[in-house]
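Student: predicted model follows, preceded by the sequence.
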Amino acid sequence: GLGLPAPTAKGVNHGRSSPALSQADQPSSLATRKIAVLVSDHTDAEALYPVVQELENGKAICDVIAPHEGMAGPLSVDKQVSAASSVLYDAVLCTGGAELAGDGYAVQFVREAFKHGKAVGVLPDGDALLQAAALPGRQGVVEASAEGDFVQRFVDAVVRHRHYDRDVESFPA
């Protein structure tokens with residue numbers, strides 16, 4: 001369509017790589033990781049505050065995302081979920097109860113983050129959202145209901161950067 005002749009030979013891959021450009025060789029630190037915190041008007045803020053505080057103490061950047069702008073209960077909202085995208089974040093932290101489980105944007109946000117290998121943290125009031133997302137596995141999904149220190153397990157999952165061991169081949173997102 002440009003009126004140019006088609007190229008006759010394809011370039012040969014030089015076979016070189018750079019660890020600086022590899023996603024597998026990212027710094028193993030929480031610092032500067034962006035974490036989407038999905039909330040609703042019914043989020044248990046008392047359970048959420050200490051988790052966000054620990055993440056921010058580790059120099060992570062947490063954005064509060066809700067179905068609407070303004071305030072979600074006592075929480076100041078940074079972005080509306082319909083205007084946010086999981087591709088802009090390194091991980092997602094799910095709260096919000098049944099309100100977010102019925103929000104297609106929130107469900108899609110979690111599904112897409114999972115499909116892209118990102119860490120997914122789930123506080124007890126985020127179980128309904130996790131169920132609505134119907135993820136095909138739990139690799140890299142950190143649930144507060146499981147044994148051990150939730151924050152440390154979530155930090156470890158975020159620092160890992162991506163969870164490529166997930167079977168997402170037939171999983172739409």
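Tutor: Arrived safely.
Student: got a list of contacts for stretch 57-64?
Tutor: Outside of stretch 57-64, the residues within contact range by Cβ atoms under 8 Å, 6 or more residues apart in numbering are 29-37, 39, 52, 55-56, 72, 75-79, 84, 89, 93, 155, 158. All C-beta spots, glycine's among them, are computed from the backbone N, C-alpha and C.
Student: with stretch 22-31 instead?
Tutor: 19, 55, 58, 59, 60, 155, 158, 159, 160, 161, 162.
Student: pull out the buried members of those residues.
Tutor: Buried residues within those, counting neighbours by 16 or more other Cβ atoms under 10 Å: 55, 60, 155, 158, 159, 160, 161.
Student: what subset of the contacts of stretch 57-64 is buried?
Tutor: The neighbour count (16+ other Cβ under 10 Å) marks 30, 33, 35-37, 39, 52, 55, 72, 75, 77, 84, 89, 93, 155, 158 as buried among the contacts of stretch 57-64.
Student: which of those fall within strands?
Tutor: 35, 36, 37, 72, 75, 93 (DSSP state E).
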